[in-house]
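*Asks:* Got a sequence here, can you model it:
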Amino acid sequence: MEDRFRARKVAAQAAPAPFWTRIPAIATYPLRGSALYALIALTLCSALLVLPGILKLVVLGVLGMATYTYAFDILRHSANGEHDAPRRGYNSFDSAVLRLILLAFALGIVIVAAGVIAGKPGLTVAYLAVQLLLPGMMIALAIDGSLRRALNPAVSIDMALRIGWPYLAAYGLLYVIQGSGTAAIFVALKYLPPVVRELTIVVASIWSLFASFHLMGYLVYQYHEELGYEPSRGIALQREDPDQRLLDEAEQFVRDGHSDEAFQALRGALACGEPGGA
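*Replies:* Residues are numbered from 1 along each chain as shown. Reported below is the predicted structural model:
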């Protein structure tokens, strides 16, 4: 009993800080540790974009895949409560990137179809709805690895409802991050010389991407209990509670609509004296 109480007390004390108190850390995340090394490496590799013709397209594709692969790794890493950037990921392939391409293609079709069917109002509504649900789609794509779940608006809506108003606050912060990156690109295009301009555009684009994915991952970590997500580094703490597996099993039965099975599992465990031991 005391061990279980102590474990829960530690868990309560270690509750994640709200993301709105970590805005400076979120903004500087791409400029620290392995994320900075990845940013520098990707920026230097972008110099190969001066190659002509098909070679330029190949380099652009490889850089895009590498950048988003590391970004998805950042999201998952942050969702597990890790504040430091992952030390690997940008040099390997992530199938979520291909699913992201398919997701973008499908969403484009939805928006265009809405415009064709309902005109400009339909186009506007569809675009705004996609933009609002996009963070949930990206999180589902990264965490679940399922294009079907990412395309299902009910998944993103359920995620937003579970999180509550902070989802809108996070969306607003994502908008600010992306807007800051876009503003830096506009300034570079207008005022900077060619070589510095190109480097600035790449850095601003990667910075906004890494910071955005870190924020989405941290949002999952902050509300992991509401979302039913188990951060990987929290497994050891849960093992200190011998009743937790039974409670999780019963909860899953209830969620699946099998209340009788949940009751039987709890009653059987209590009769045998399994949870907690003697």
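*Asks:* what sits against residue 202?
*Replies:* The neighbours of residue 202, taking CB atoms under 8 Å, 6 or more residues apart in numbering as the test, are 42-43, 46. Quick note: C-beta positions are derived from backbone N, CA and C, even for glycine.
*Asks:* between these, which is nearest residue 149?
*Replies:* For residue 149, the closest of the contacts of residue 202 turns out to be residue 42, at 28.8 Å, with distances computed as CB to CB.
*Asks:* list the contacts for that closest one?
*Replies:* Residue 42 sits next to 63, 66-67, 90, 202, 206 when contact means CB under 8 Å, 6+ apart.
*Asks:* Retrieve the pLDDT associated with it.
*Replies:* In the prediction, the pLDDT value recorded for residue 42 is 94.
*Asks:* Does residue 97 touch residue 65 like I think?
*Replies:* Yes - judged on CB atoms under 8 Å, residue 97 makes contact with residue 65 at a distance of 5.4 Å.
*Asks:* Closest to residue 152 out of the contacts of residue 42?
*Replies:* Ranked by distance to residue 152 (CB to CB), the contacts of residue 42 are led by residue 67 at 26.4 Å.
*Asks:* tell me which element that closest one falls in.
*Replies:* Using DSSP states H and E, the secondary-structure element containing residue 67 is helix 53-79.
*Asks:* before we move on, back to that, which members of the contacts of residue 202 occur in helices, if any?
*Replies:* Of the contacts of residue 202, the ones assigned to helices by DSSP state H are 42-43.
*Asks:* Out of the contacts of residue 202, which comes closest to residue 72?
*Replies:* Distances from residue 72 to these, taken as CB to CB, are shortest for residue 42 (14.4 Å).
*Asks:* thinking again about what came up before, JSON lines please, covering the contacts of residue 202 and showing distance to residue 73.
*Replies:* Putting those into JSON lines (distance: CB to CB, whole Å) gives the following:
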{"residue": "42", "distance to residue 73": "13"}
{"residue": "43", "distance to residue 73": "18"}
{"residue": "46", "distance to residue 73": "19"}
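*Asks:* Can you name the element that comes right after the host helix or strand of residue 134?
*Replies:* When secondary structure is defined by DSSP H and E, residue 134 falls within helix 95-144. Taking DSSP H and E as the definition, the helix or strand that follows helix 95-144 towards the C-terminus is helix 147-151.
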